[in-house]
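>>> with the input below, show me the fold.
(one chain, ligands or ions: 2)
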Amino acid sequence: MAESEQSRISRRDFLKVGTAGAAGLAGGAAILQRAGAEGGSVEWLQSDRQPLCAIPLDRTGPVPTVMGEVDHEKNGFDPSEILTDFDYGKVTTLPSGQTLREYEFVAIEKEIEVAPGVPFPAWTYNGRIPGPTIRCTEGDRIRIHFSNGTTHPHTIHFHGIHPYEMDGVPGAGPGDIDPGQRFTYEFDAEPFGLHLYHCHTFPLAKHIAKGLYGTFIVDPKRGWPAADQEFVMVQNGIDVDFDEENEIYAVNTVPFHFMGNPIPIKVGEKVRIFLVNILEFDPINSFHLHANFFHYYPTGTSLTPTEFTDTIMQAQAQRGIVEFSYKFPGQFMFHAHKTEFAELGWTGLFDVTE
Ligand code: CU
Ligand code: CU
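Numbering: from 1, shown residues only. Ligands and ions are numbered 1, 2, ... in the order given. Now for the predicted structure:
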């Protein structure tokens, strides 16, 4: 079988492995028994390039979900907690009166259980994927004390307006921050909106796919209009077998997490989602909300929405604010409307109650 064909099969069938003995299979080329969703079993050729990681999947419901939970405690983060985990930093006031927010960022190599029984050797900021959600107000001074605790050089490149030497790319200012080295990025937060940060060391795709990215929210000076709930959703994927294709898609890293852990909201509540797409290797991602429409603010840089819709598309690093409220109670799906991604993990539920 041609290599390309083999890897295509590997990707397509990655999540299709049934529930029996699925996790922790040994590496090397092998013919495996696959317990099919139909109750039978089929043979499945494992890619010989990387050890197989198979995910126990429940296909008995209307949509497939992962069986079991990852060890959030061991991972050091929980996708549900990341929704509302805004980091305002250590706040002081500069002599000029300007608000100063300081953050400690450490690049850490860490094994993360990205799906039940599936370890991923990640590179992280502060031990989590995505990294901390930096939240500040337009005009604040931001200081990020960055230490590289890994064995590879890294940077932090922020989206936003800042001096050249703070751009976090090789060659600019300190350039790559080598293992064991430290650098403080400092700039004023502008413009208001929804931004992101990520490592910009080359090869860039690898440094992002390994997990070095996060959300950067700059609130307008006068704030956003009031909302009852605010959530951060980072659309990402995991290239579990390092073939430069994702096997897993998700928001906040763990596939199907919000199927097993629906997000509770109330009928009539105004919900604001800070939606960021950092997905590597695939050109686009998308967000679709069921039984509802939302207002969409691309990049969050205007208080006037550009669209009232139920589906939007984002290329890598595109992001936007999604606002809606539910008229009816029920369990409503949200997912990538790149349906392949939806079936490989990028699917969740809002649990809407009276
Ligand atoms: Cu890096
Ligand atoms: Cu970028």
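
>>> show me the strands in the stretch 201-350 of the chain, by range?
213-219, 229-238, 248-251, 263-266, 271-277, 284-289, 294-298, 307-309, 311-315, 319-324, 330-335, 347-353 (DSSP state E, counting those that start in this stretch).

>>> same check, this time on the stretch 51-200 of the chain
Here the stretch 51-200 of the chain has its strands, by DSSP E, counting those that start in this stretch, at 57-58, 65-66, 86-87, 90-93, 99-115, 118-125, 133-137, 141-148, 157-158, 182-188, 193-198.

>>> format those as a markdown table; extra columns: mean pLDDT and distance to residue 72.
Glycine gets a C-beta too; all of them are placed from N, C-alpha and C. Formatted as a markdown table, the strands of the stretch 51-200 of the chain follow (pLDDT from 0 to 100; distance: least, CB to CB, whole Å):
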| stretch | mean pLDDT | distance to residue 72 |
| --- | --- | --- |
| strand 57-58 | 73 | 19 |
| strand 65-66 | 77 | 13 |
| strand 86-87 | 98 | 18 |
| strand 90-93 | 98 | 26 |
| strand 99-115 | 97 | 9 |
| strand 118-125 | 95 | 14 |
| strand 133-137 | 98 | 17 |
| strand 141-148 | 98 | 25 |
| strand 157-158 | 98 | 28 |
| strand 182-188 | 98 | 29 |
| strand 193-198 | 98 | 23 |
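
>>> show me the one of the ones you listed that comes nearest ligand 1.
Proximity to ligand 1 (CB to the ion) singles out strand 118-125 among those, at 6.1 Å.

>>> quick one: contacts for residue 125?
Shown in contact with residue 125 (CB atoms under 8 Å, 6 or more residues apart in numbering): 105, 106, 107, 108, 131, 132, 156, 212, 213, 214.

>>> and if we set it to 7 Å?
Listed by CB atoms under 7 Å, 6 or more residues apart in numbering, the contact set of residue 125 reads 105, 107, 131, 132, 212, 214.

>>> close to ligand 1: what parts of the stretch 1-150 of the chain are there?
Contact residues, the stretch 1-150 of the chain versus ligand 1 (CB under 5 Å from the ion): none.

>>> can you name the residue of the stretch 201-350 of the chain nearest ligand 1?
The nearest approach of the stretch 201-350 of the chain to ligand 1 comes at residue 207, 3.3 Å away (CB to the ion).

>>> from what I see, that residue and residue 176 are in contact.
No. Using CB atoms under 7 Å, residue 207 is not in contact with residue 176, being 10.3 Å away.

>>> which residues are in contact with each of these two?
residue 201.

>>> which one of the two has more residues nearby?
residue 207 (23 against 20; other CB atoms under 10 Å).

>>> spatially nearest residue to that one, not counting backbone neighbours?
residue 199 (4.2 Å; CB to CB, 6 or more residues apart in numbering).
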